[in-house]
Structures are given as C-alpha cells and as structure tokens.
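**Q** Generate a structure from the sequence data that follows.
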Amino acid sequence: MSSCDLLKLQDEFTQYKQGRIFVGTWNVNAKGKDESLSSWLCADWHQHGPPDIVVVGFQEMVDLNAVNVAVENKSQQRSQFWVDRIKSTLNSRENTMGDPTRMYTELAVKYLVGLLICVFVKAPHKPRVKHVHTSSVGVGVMGVMGNKGGASIRLQFYDSTLCFVCTHLAAHRENVAGRNADFANVFNKTSFEIGDEAVKEVIKLGSLNQWAAGTNSVGVSDHDIVFWFGDLNYRVDESIPTERVLELSEKNLLEELIENDQLNIERANGRVFQDFEEGPLTFRPTYKYQPGTDLYEQRPDKKLRAPAWCDRILWLAQEPGHVAQLNYLRSELNISDHKPVMSTFLVTIKDVILSRREEVYKEVMKLLNEFENASLPMVSLDRVKLDFGEVRYDQRVTLPITITNTGQVVAQFRLVPKLDENTLCKQWMTVTPTYGMLIPGEQTEIEFTIGIDNLTSNALNTNKEVLEDVLILRLENGRDYYISVSGSYARSCFGMSVEELVLYSDPIRNVPLDPILRAEKYDFNAKAAMCVPKELWRIVDAIYERGLDERDLFSTPGSPDEVYQIRECLDTGASFENFSVHSMTEVLISFLSNLSTPIVSASLFPTLDIDAQNIQAFARKFLEDMPPIQYNVFIYIVSFFREVLLHRQRNKLSPAKIARICCSCLVSSSQGSPDESKGNMQQLMLHFLETNSI
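**A** Next comes the predicted model:
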C-alpha cells in the first residue's frame, strides 16, 4: 500500500471546508508609531470578508546593530508593541461591529532579533486549532546569528497542517547566491518538535513520510500548506542600471523589471523556492522609499539604490488545487523605507469525521493483520549489485532496482544508515524513494543516481573518495538486503588544481587516478610540462579563432550538449568541432570557477580600501605574493580579456563587466570575504584590465 493509496482512503473519512488566510509582511526599518494598521491588514475585508486566520510578519523591528543581534535586549519590547497594534486593529469596533464572532485570538508569537511572526485566528475557530509550535533559525553573522534568518509557526487547523515562515535574507543587489543559501538553510534547519500525540494523528491521516522518519519532529515540507514571506531581499538584476530601474518604477512600467527580477530568474532555474508558487507582481517595487513619503529614495545625501520587490509572499501546497490566491497587493503606509505587502488566500481545509476515520482505520488494520498473520514479509530484488560503469563530471546516471512483494503480507521497507553512520549513502548518490509499502504481488522501482559535482570530483582526484558504497534496505519485521554500488570516474580537468594540471602534457583522461600508477608513469621531480594548463590554452585559443567580435560574449549561454562535448574534448585531447563561441566561453568560465583551489586565494584580498593613490602599490604586491603557477594563469587570463576588450565596439563588453567576470571565476565565492573586500578586488581587476601594470 503506497502513500497514494492511503490518500485515497483519506477521502472516505474527510470532508472539505473553505477558509480564508491573510498573510502580511513589512520591513519597518526600526520605525513604528501608534496608529491603526487597517489600511494594510483589513484593506480587502469589504470584498472578501474578514479572514479566518491572520498571519503577520515583520523585519527590522529593531536596529540590526551588534548589541541587538548579540543580546536581543529590545526585541521583546518591540515585539509586544506590534502585537498590540495588530490586536487593536483587528478587534477595533470598526472591524468587529460589536460582533464577538468577528473577534480575533492570538495563537502564537515568535521573534528573532528583528524578525517577528504572529498568528491570529477568528474566535469561533479557536477550539479547532491544536499542536501549535514555533521555531527560529539564525543564518546571519557567522551563519548562526539572528540579524538574518527565519521565524516560523506551525499548527493544525481543523485537520490540515499549516506552516508559516517569516524570513529576512541576505542583502545587497549582487548577493543572489547568499540569498539562495539563506533560504536553503532556513528551509532545511527549521524543525518543530510536535510530540507523540501529533505524530500518531498525522500517521492516521495517511502520512507515510512521518512513519518513515521515525521521529517526533517535522520540517517545513511536512505540512499540507506552507506560506513563506518576508524581506527576501531579491532585487532587479544588475544588468539594468539603477537610474533605469527608478524611471520604470516611477512610471509604473513593470514588465521589464519583472522579467529581470532576481527571484523570478532564480526560481525559473530551479535554484531556490523549488515547487513554491507566487502570484503575479502587479504593484510597484516596495523598496527603497524615503521614509514618511511615497517617493523612492533619491536624496543627494543618501546612497542611490535601485527599487526592488524585496518583500514577497509565496506558498507551497501538497495539493496545489487547495490554495487559490485572491489578491496580492501592497499598502501605502509610509513610515519605513519599505511598503507593506499583503495577500489573501482561499484555502481548502480538511475536516475529519472521527467516527468514519476510526472505521476505516480498523478496516485497514484488520487487513494488515490478516496479511501479517499469514507469514513473515518477503520481497525479491531483481539485482543487488549496481555497476554504473564510467561516470563523467557533471553527469547524472540513474539505475533502477525493482522490488517485488513475494510474500503473503504487507511489506514495509526503508533504507537505513550503516552502523555508526548518519546518512543512507555517500554524498555523490541520491536514492528515491527511500521507503515504501507493498501489498502482496505489488512491485515498485527504487532509483539510484550518481552525480559527480565539483566537491566529489576533487575528492576523487585526490584519492579521498572512490565510487563504491554499500546501502542497506531493511524490511520491517524481516531481513536486511545489502546493495553494492560501484562505478569508475572518467577523469576530468574540472575540479582539479592548476598545480597538478600543468604537470601533464597527456590528456587528463589518460592520467591514472591511482597514485602508484601515476608515479610510475610521470616524474614529479621534473619541471612542470607547461606554464599554464593545456586545457586553458586550448579553450582560450578556440575562443580567439571563433571570433572576439561576437555580440554579448560571456553573456549568452551556450548549448548544454555542446558544453558537454567541449568538456570531453578537453579531457580526451580530441579536436574541437564547429562549436559556438558562446558554448566555448561558458566552458572557460566553468573551468576557472570549478578549480579545486581558486586562482586568487583569500590571503591576496586587499586588507585596506583601495584608492587612486595606493592602487599601483596594491597591484604590485598582489602579483608579487601570487604563487608561480597561479601568477602565470592570472597573467594569461588578464591578457586574454584585454584582447577581448579591444573588440568592445562589437562584442558590447565593458571593462567593469569583465572585472566582475574575473572576480566570479578567479576568486572563490566560498571564501566568505566581506563585501568591501570583494569591491576592492573588483577595482583591482579593473586596474589590471585598463592599465599596463602587467
């Protein structure tokens, strides 16, 4: 019996109701005054009526200075201020009209430094709310502090589980990767200890996932409906100048801005908020305003920032048809540099008929008991050895195993970690599904997928890893099955270091991974075979041949099939075919970005601000401190990009854009350097591109 079968049974004892949920979010910039919030919280009551649940999130309710982040000494006071403002607004005589059934009750409040989330429910529904729990995750300073992060509340409303997550993600227009990482951290680390009673209830409602987890905790995705909102800080892409963004925002011409909205781009590429939905943006960007006005901030004494839709509301539903967005609006309250955002949803809520559920539950248990009394569970696997053969870099290979219930009883299976280990398998492998239930005669497939990413490639190249593993498939009340997995790595220059690549004149595919065989074939005491890796020379030379005049060079993506073939040519020594220059440039950037150690190490980052007086000295010291091989590669790449810039009239590249490209592929983004240091590094790259310092 699968989870789908249980969900079908669920319909036999469940009736469905319609409810309305209001979600609002506002970055208040540590401002606040004693005024009604009706124009925000109650703006659509005349059209849709008062909602059944009101969820409100705030960001920066206190200044995010070091003292407040460290000790949260003002958070509780400011939290209570806003909770009182919401209560007085929702329960004002104007809104309740003296009707006690229109009153709202506070369910839960959770704050984390400047973050605040609070949930209110209409009084008649209060008896049908239970299992209310809160959680918070800090992802700010040092990856744990609360200046950035998420505060969450989950609950059971009637018999549907709801989760509300209010977040404040990493700032700065260029820091898209930081925002994506913050989302992933909050999503993965948010956990609620809901207790035995709640777990038993969700299992009775058909949650095989909760049974497989075997714990009393649930994560964000373990809920029927999730609402995620807050100052997500995604901006309009940097390719559009700030002045242009301001002009379009003021004129309410939104199409170009929406197309270049970073969150829309990242979601479309599957890098963040996977499976979440968001309504269309029909209102002007909500940031950055001059506080106390409806004007975008353009005062001469203030830093000019591009307007953006920082403040967003998204949702995730196990049953997509159970959520319909009625509106997605912004309020014009103006005490902050952000405008509040709100949305009302029509949701389908489960309401279990307890007597009928117990009947169905007893019927299922009786059926299971009849099977269990007949014999022990038995399954057959069509194979227990998986040989993936030769696996290549950035390639995903999947092999299935068919599992069949050959016994007379229900067979419950799951993959379990090996003794003294916490994970089911090595990090280069994924398995789906990891658990399931089969009735006699039923069969299903388990898919095992190997994927070689940069981290795995580096581990394989340095003999810290091999493509071998053993997985344990456990049959509940039965035996364990041991599944062996093996494969061979088709060695690639991607994920290696330039120090090793310059040692070999042979194609890297021909260089043995085994260190003993490698030592027999090559004399490592001899001088390096090349000044720069041959792979780098080949791809740069190919770009020269295919033309530096190509418009939008380094901006237009290449063909995925060509990118794969070019990588194979680099690894095997085969000649290049007539590949697109855009595919070539994509491979060049990928090669440099995926080196196991970056060309520019953290120790080379400028420690002081760079200006016109000291940049020459910084540049000289930068080159002097660089190791020889990295020096050769750096000089080679900068010289190449100088040549590219000689064709700027046709390829439309600028020194500033090339400097950003250099920083992105020569300087590792994982080094956690401050934004100022990266800005200094970009200035330094620009200096090398525009002067004769090298």
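**Q** Please count neighbours and contacts with C-alpha atoms only from this point.
**A** Will do.
**Q** mind listing the strands for the stretch 351-500 of the chain?
**A** Applying DSSP state E, counting those that start in this stretch to the stretch 351-500 of the chain gives strands spanning 379-381, 385-391, 396-405, 411-416, 429-432, 435-438, 443-451, 468-475, 480-489.
**Q** got these as CSV, with mean pLDDT and distance to Arg102 columns?
**A** Shown next, in CSV, are those (pLDDT from 0 to 100; distance: least, CA to CA, whole Å):
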stretch, mean pLDDT, distance to Arg102
strand 379-381, 93, 57
strand 385-391, 93, 62
strand 396-405, 94, 55
strand 411-416, 93, 48
strand 429-432, 93, 47
strand 435-438, 93, 45
strand 443-451, 94, 51
strand 468-475, 94, 53
strand 480-489, 94, 57
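**Q** now for those strands, which one comes closest to Asp52?
**A** Ranking those by proximity to Asp52 (CA to CA) places strand 435-438 first, at 36.5 Å.
**Q** Any idea which helix or strand in this protein has the lowest mean pLDDT?
**A** Between all helices and strands in the chain, the lowest mean by mean pLDDT, DSSP states H and E belongs to helix 66-71, at a mean of 50.
**Q** next SSE after that helix?
**A** Stepping forward along the backbone from helix 66-71, the first helix or strand reached (DSSP states H and E) is helix 75-90.
**Q** buried sites along that following helix?
**A** If you call a residue buried by 16 or more other CA atoms under 10 Å, then helix 75-90 has these buried ones: 75-76, 78-79, 82-83, 85-90.
**Q** cool, stretch 616-623 as well?
**A** Using 16+ other CA under 10 Å as the burial criterion, the residues of stretch 616-623 that qualify are 616, 618-619, 622-623.
**Q** Send over it as PDB, restricted to the C-alpha atoms.
**A** Listed next in PDB are the C-alpha coordinates belonging to stretch 616-623 (Å, rounded to 0.1, in the frame of the first residue of the first chain):
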ATOM      1  CA  GLN A 616      49.500  50.800  -8.000                       C
ATOM      2  CA  ALA A 617      51.200  49.500  -4.900                       C
ATOM      3  CA  PHE A 618      48.400  47.100  -4.200                       C
ATOM      4  CA  ALA A 619      48.700  45.700  -7.700                       C
ATOM      5  CA  ARG A 620      52.400  45.200  -7.400                       C
ATOM      6  CA  LYS A 621      52.200  43.400  -4.100                       C
ATOM      7  CA  PHE A 622      49.200  41.300  -5.300                       C
ATOM      8  CA  LEU A 623      51.400  40.000  -8.200                       C
END
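**Q** now that stretch, how far from the centre of its chain.
**A** The chain centroid and the centroid of stretch 616-623 are separated by 37 Å, computed with CA atoms, centre = their mean, to the nearest Å.
**Q** same question for it, mean pLDDT?
**A** Summarised as a single mean, pLDDT over stretch 616-623 is 83.
**Q** Contacts for that stretch next, please.
**A** Around stretch 616-623, the neighbours that count as contacts under CA atoms under 8 Å, 6 or more residues apart in numbering are 604, 606, 610, 631, 684, 688, 693.
**Q** now do 7 Å
**A** Contacts made with stretch 616-623 from outside it, assessed by CA atoms under 7 Å, 6 or more residues apart in numbering, are listed as 604, 631, 684.
**Q** pLDDT below threshold where in this structure?
**A** Low-confidence segments of the chain, defined by pLDDT under 70, are located at 1-9, 65-73, 141-146, 203-214, 368-375, 523-529, 668-678, 692-694.
**Q** before we move on, the earlier item: closest one of the contacts of stretch 616-623 to Asp541?
**A** Scanning those for proximity to Asp541, where the rule is CA to CA, the winner is Tyr631, at 19.2 Å.
**Q** out of everything not next to it in sequence, what's closest to the closest one?
**A** Computed as CA to CA, 6 or more residues apart in numbering, the closest residue to Tyr631 that is not its neighbour in sequence is Leu623, at 6.8 Å.
**Q** Am I right that that neighbour is in a helix?
**A** Yes - per DSSP: H, G, I helix; E, B strand; the rest coil, Leu623 lies within a helix segment.
**Q** Return the residues in contact with Asp311.
**A** With contacts defined as CA under 7 Å, 6+ apart, the neighbours of Asp311 are 25, 230-233, 286, 341.
**Q** May I ask which two of those are separated the most?
**A** Asn233 and Val341 (13.5 Å).
**Q** Those two: which has the busier surroundings?
**A** Val341 (27 against 23; other CA atoms under 10 Å).
**Q** for the helix or strand hosting Asp182, which positions count as buried?
**A** Take DSSP H and E as the rule and Asp182 turns out to sit in helix 176-189. Neighbour counts using 16+ other CA under 10 Å place 176, 179-183, 185-187, 189 of helix 176-189 among the buried residues.
**Q** Now render those as CSV, adding distance to Tyr522.
**A** Converted to CSV, those look like this (distance: CA to CA, whole Å):
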residue, distance to Tyr522
Val176, 43
Arg179, 45
Asn180, 43
Ala181, 42
Asp182, 45
Phe183, 46
Asn185, 44
Val186, 48
Phe187, 48
Lys189, 47
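**Q** right, and out of those, which lies closest to Leu155?
**A** Comparing the buried residues of helix 176-189 against Leu155 with CA to CA picks out Phe187 as the nearest, at 17.0 Å.
**Q** Give the closest residue to that closest one in space, chain neighbours not counted.
**A** Distance criterion CA to CA, 6+ apart; nearest residue to Phe187, sequence neighbours excluded, is Val220 at 6.4 Å.
**Q** Let me see the contact set for that neighbour.
**A** Taking CA under 7 Å, 6+ apart, we find Val220 in contact with 163, 187, 190.
**Q** Could you point out which of those is nearest to Lys426?
**A** Nearest to Lys426 out of these is Phe187 (CA to CA; 22.0 Å).
**Q** and stretch 480-495, how far from the chain's centre?
**A** 26 Å.
**Q** Check what contacts it and list those residues.
**A** Applying CA under 7 Å, 6+ apart, the contact partners of stretch 480-495 are 384-393, 454, 457-458, 467-474, 508-509, 571, 591, 594-596.
**Q** Please list only the buried members of these.
**A** 386, 388, 391-393, 454, 457-458, 467, 470-474, 508-509, 571, 591, 594-596.
**Q** What is the burial count for the residue nearest to Glu243 when sequence neighbours are not counted?
**A** Sequence neighbours aside, Ala306 is the residue nearest to Glu243 in space, at 7.2 Å (criterion: CA to CA, 6+ apart). Neighbour count of Ala306, defined by other CA under 10 Å: 25.
**Q** Surely Ala306 touches Ser239?
**A** No - the criterion here is CA atoms under 7 Å, and Ala306 misses it with Ser239 at 11.6 Å.
**Q** packing partners for the longest strand seen in the chain?
**A** Identified as the longest strand of the chain according to DSSP state E is strand 14-27. Contacts of strand 14-27 with other secondary structure elements, assessed using 3 or more CA pairs under 7 Å, 6 or more residues apart in numbering; DSSP states H and E, are made with strand 53-59, strand 225-231, strand 341-352.
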